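Colleague: coords below, sequence missing:
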């Protein structure tokens with residue numbers, strides 16, 4: 001559940017960052033098309049650059065969340081397979097050892 005909420009949060013952040021890029025680009029176009037007001041013009045290029053940087057960070061955060069979710073999903077599948085393997089072949093000592101080492105590797109990966 002935590003990973004699912006992380007993915008949703010990252011998706012929401014990416015959507016908001018993309019909307020901010022669009023807003024800043026539209027503001028620049030509207031400003032350039034409108035009658036020139038007295039005073040210094042806003043630094044739209046800087047605003048757009050900052051918005052794009054935020055969007056890139058949001059993309060990376062989403063990619064990380066999706067990768068983490070997939071990794072945990074694969075680990076959970078591995079635990080299930082190891083458990084089934086162990087219960088089906090409990091009488092075999094080597095099967096239990098393999099199962100133990102597989103579970104140990106999966107839990108080490110999850111703890112990272």
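Modeller: Arrived safely. All figures in this text were calculated on a predicted structure; none of them were measured in a lab.
Colleague: when you work out contacts or count neighbours from here on, use the C-alpha atoms and nothing else.
Modeller: Fine.
Colleague: next up, the contacts around the closest residue to residue 6 other than its chain neighbours.
Modeller: Nearest non-adjacent residue to residue 6, counting by C-alpha to C-alpha, 6 or more residues apart in numbering: residue 65, 6.3 Å away. Residue 65 sits next to 3, 6, 7, 10 when contact means C-alpha atoms under 8 Å, 6 or more residues apart in numbering.
Colleague: take those residues and keep only those in strands.
Modeller: The members of the contacts of residue 65 all map outside strands under DSSP state E.
Colleague: report the buried members of these.
Modeller: Neighbour-count burial within those applies to 6, 7, 10; the criterion is 16 or more other C-alpha atoms under 10 Å.
Colleague: from residue 17, how far out is the first one?
Modeller: Residue 6 sits 16 Å away from residue 17, going by C-alpha to C-alpha, to the nearest Å.
Colleague: next: the last one.
Modeller: Distance of residue 10 to residue 17, given as C-alpha to C-alpha: 10 Å.
Colleague: what is in contact with those two at once?
Modeller: Both residue 10 and residue 17 are contacted by residue 58, under the criterion C-alpha under 8 Å, 6+ apart.
Colleague: for residue 54, which non-adjacent residue is closest in space?
Modeller: Nearest to residue 54 is residue 17, by C-alpha to C-alpha, 6+ apart, at 6.1 Å.
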